[in-house]
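Engineer: the following block contains a protein sequence and its predicted model.
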Amino acid sequence: MFLHYYNATVMISKKKVPAQTKTKAPSAKKVTQKIDKKSAPKEEKKVAAVEKEVLLMQPPRGMRDILPVDQPYWERVRKALAVACQEYGFSRIDTPVVEYANLVTKTIGEGTDVVDKELYSFVTKGGDNVALRPEFTAGIARAYIQHGMSVLPKPIRLFSTGSVYRYDRPQEGRYREFWQANFDVFGEDDPILDAQIIHLAQRVVSQLGLKHIEFRINSIGTAESRRDYEKILVRHFEFQKQKLCQDCRNRLVANPLRILDCKEDKCAQLVISAPKFMDHLDQESRDHFKRLQEYLNELEISYVINPQLVRGLDYYTRTVFEIYSTDSEGKKTALGGGGRYDRLIQSLGGEETPAIGFALGMDRLVLEMKRLNVKLYQESKPKVFLAQLGELAKKKSLRLFSELQKNGILVAESFGRGSLKSQMRVANRLGVEVALILGQKEALDETVILKDMISGTQETVTQDKLVIAVRKILKGNQVVVAKRAEVIESSDI
């Protein structure tokens with residue numbers, strides 16, 4: 001925003017001043033006019049410069065910082081994703097944030113909101129038409145073909161996480177730069193993979209403390225049955241075209257299925273009476289969807305069949321699903337979704353390759369975790385503090401710090417603090433079990449003072465025996481704590 005100033009006193013009359021007034025001193029008003037006229041542009045530039053400086057101190061609209069106070073939530077999400085990747089045999093793949101724009105439009109499809117309204121596309125200095133990735137699957141499909149992954153043993157399981165970009169209206173839980181975790185499986189069309197992918201999504205979300213999860217599922221058939229259904233859908237809505245919102249009128253020509261997913265109330269009312277996709281599925285897709293439900297029932301996964309669910313991207317076929325978290329009041333929060341895309345690789349010039357995948361919105365997961373007050377991820381806390389006094393001791397303590405870390409002992413320190421008293425205050429605040437004290441004498445003798453912060457006892461050991469001595473104290477403290485717990489438990493009984 002630029003500020004513009006207009007001051008009527010700046011407008012000085014161009015009328016010639018009478019001769020007799022030339023010898024008189026200028027009035028206060030005229031002096032003010034001259035000062036204002038000269039200073040106003042400078043003042044305006046100064047304000048504009050300040051305004052510009054303030055704008056530089058905040059990110060663009062729809063983007064934000066993830067501060068240290070929120071990182072425990074994010075770390076718990078990362079840990080859950082890492083465990084899921086290991087349990088289900090996924091390998092990580094990282095693709096560029098920037099892809100050629102035609103890759104995005106070809107895979108996601110013209111007429112989708114992602115391409116028509118939300119795509120961050122631009123032309124580079126070299127004249128390339130590129131876009132910030134709005135999702136992961138297009139780039140992963142490109143990488144799959146480019147690097148010849150089709151020769152690898154099937155199914156091929158790939159995992160990605162990172163930032164994605166959509167020029168959407170910012171609101172709670174919806175940003176223009178947001179983070180996704182993406183799982184893709186290539187080379188298998190059996191619906192048991194669909195069930196396993198949904199089970200994986202449930203596993204990740206439940207590990208985050210989100211207990212009330214609902215899956216909405218549907219089948220949108222093959223590309224052929226989809227085209228037949230779209231014709232039926234167009235005939236249905238043509239008679240009510242004037243009642244549709246402007247976006248859905250455009251979709252009627254470009255992407256009729258997207259009308260089923262419109263959030264406008266007037267369109268949602270018209271969708272209720274629309275022909276159901278399930279009634280027009282090909283037999284193979286019917287059988288595929290039936291078997292999926294059987295597998296989900298076997299896994300005891302709760303789901304709801306939603307005939308209006310089509311997802312927002314063109315590459316989907318057959319199975320589509322979305323994931324919601326619900327609270328005690330019935331409020332539902334979308335956490336992610338996915339589905340099958342058996343024709344995607346082939347449409348990009350690769351071999352015929354069935355595939356399925358899903359994405360979770362990491363921002364949404366964190367927001368829901370906060371809303372439901374789930375337990376935070378607790379980082380391992382140091383049990384040992386290394387204090388030093390004097391320049392020689394400070395230098396020698398670096399090697400001791402490294403030696404303890406290499407042996408798996410998490411150590412805290414305060415090398416910048418001068419006095420031993422201030423360092424020990426830090427040790428008390430951290431609640432460590434052992435304090436290591438290294439002064440000038442200990443540095444010369446190659447010894448260390450070990451203080452048990454629980455019992456209050458201390459001893460001096462040689463530096464080559466330090467790791468053994470620290471482990472002995474930590475192990476002894478574990479035994480003491482365990483015995484105290486037993487005493488408390490028996491007294492409660």
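Structural biologist: That came in fine, so what should we check first? Residues are numbered from 1 along each chain as shown.

Engineer: from here on, contacts and neighbour counts on C-alpha atoms
Structural biologist: Will do.

Engineer: domain boundaries for this structure, per the record?
Structural biologist: As assigned by automatic domain parsing, the chain contains the domains 8-56, 68-222+282-371, 384-492.

Engineer: for the longest one, measure first residue to last.
Structural biologist: Using C-alpha to C-alpha, to the nearest Å, the end-to-end distance of domain 68-222+282-371 comes out at 18 Å.

Engineer: before we move on, the earlier item: next, format the domains of the chain as CSV and append mean neighbour count.
Structural biologist: CSV is the format used below for those (neighbours: other C-alpha atoms under 10 Å):
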stretch, mean neighbour count
domain 8-56, 11
domain 68-222+282-371, 18
domain 384-492, 16
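
Engineer: closest to Gly62 out of the ones you listed?
Structural biologist: Smallest distance to Gly62 across those (C-alpha to C-alpha): 4.7 Å, for domain 68-222+282-371.

Engineer: mind listing the strands for the stretch 101-250 of the chain?
Structural biologist: Applying DSSP state E, counting those that start in this stretch to the stretch 101-250 of the chain gives strands spanning 121-123, 129-132, 156-165, 177-186, 213-219.

Engineer: what does the first one rub up against?
Structural biologist: In this case it means strand 121-123. Strand 121-123 has contacts (C-alpha atoms under 8 Å, 6 or more residues apart in numbering) with Ala101, Asn129, Val130, Ala131, Leu132.

Engineer: looking at the strands of the stretch 101-250 of the chain, spot the one closest to Leu410.
Structural biologist: strand 156-165 (28.5 Å).

Engineer: who does the closest one pair up with?
Structural biologist: Note on strand 156-165: by DSSP bridges, its sheet partners are strand 91-92 (parallel), strand 177-186 (antiparallel).

Engineer: skip the chain neighbours and tell me the closest residue to Pro191.
Structural biologist: Leu292 (5.3 Å; C-alpha to C-alpha, 6 or more residues apart in numbering).

Engineer: against Gln308, how distant is the nearest residue to Pro256 once chain neighbours are set aside?
Structural biologist: Closest residue to Pro256 apart from its sequence neighbours, by C-alpha to C-alpha, 6+ apart: Glu230 at 6.1 Å. Plainly put, Glu230 is 13 Å away from Gln308 if you go by C-alpha to C-alpha.

Engineer: any regions of this structure where pLDDT drops low?
Structural biologist: Applying pLDDT under 70 to the chain picks out residues 1-55, 110-111, 113, 173, 312-313, 328, 377-379, 416-418, 478-493.

Engineer: Cys245 and Lys263 touch, don't they?
Structural biologist: No. Using C-alpha atoms under 8 Å, Cys245 makes no contact with Lys263, being 10.1 Å away.

Engineer: ok, the two, which is more surrounded?
Structural biologist: Using other C-alpha atoms under 10 Å, the more surrounded residue of Cys245 and Lys263 is Cys245, with 16 against 9.

Engineer: what residues does that one make contact with?
Structural biologist: Contact partners of Cys245, counting by C-alpha under 8 Å, 6+ apart, are Glu264, Lys266, Cys267.

Engineer: state the pair within the contacts of strand 121-123 that is farthest apart.
Structural biologist: Maximum pairwise distance in the contacts of strand 121-123, criterion C-alpha to C-alpha, is 10.7 Å, between Asn129 and Leu132.

Engineer: from the centroid of the chain, which residue is nearest?
Structural biologist: Residue closest to the mean C-alpha point of the chain, counted by C-alpha atoms, centre = their mean, is Trp179 at 2.4 Å.

Engineer: once you drop chain neighbours, what's closest to that one?
Structural biologist: Nearest non-adjacent residue to Trp179, counting by C-alpha to C-alpha, 6+ apart: Ser163, 4.3 Å away.

Engineer: was I right to think that neighbour contacts Ala181?
Structural biologist: No. Using C-alpha under 8 Å, Ser163 is not in contact with Ala181; the gap is 9.1 Å.

Engineer: helix/strand/coil for Thr333?
Structural biologist: Three-state call for Thr333 (DSSP: H, G, I helix; E, B strand; the rest coil): strand.

Engineer: enumerate the beta-bridge partners assigned to it.
Structural biologist: Following DSSP bridges, Thr333 is listed with bridge partners Ser325.

Engineer: please apply the same query to the one 4 residues further on.
Structural biologist: In this structure, Gly337 has the following beta-bridge partners (DSSP bridges): Glu322, Ala359.

Engineer: quick one: residues contacting it.
Structural biologist: By C-alpha under 8 Å, 6+ apart, Gly337 lies in contact with Val320, Phe321, Glu322, Ile323, Phe358, Ala359, Leu360.

Engineer: Ala274 versus that one, what's the distance?
Structural biologist: Using C-alpha to C-alpha, one gets 24 Å for the distance from Gly337 to Ala274.

Engineer: cool, and Val434?
Structural biologist: 71 Å.

Engineer: and what of Asp342?
Structural biologist: For Asp342, the distance to Ala274 - C-alpha to C-alpha - is 27 Å.

Engineer: again with Gln458
Structural biologist: Distance, Gln458 to Ala274, by C-alpha to C-alpha: 80 Å.

Engineer: which residue ranges of the stretch 151-300 of the chain form helices?
Structural biologist: Using DSSP state H, counting those that start in this stretch, the helices of the stretch 151-300 of the chain run over residues 191-207, 223-238, 246-254, 265-272, 283-298.

Engineer: actually the stretch 301-450 of the chain, not the one I typed
Structural biologist: Under DSSP H, counting those that start in this stretch, the stretch 301-450 of the chain gives helices at 344-347, 362-371, 391-406, 420-430, 440-445.
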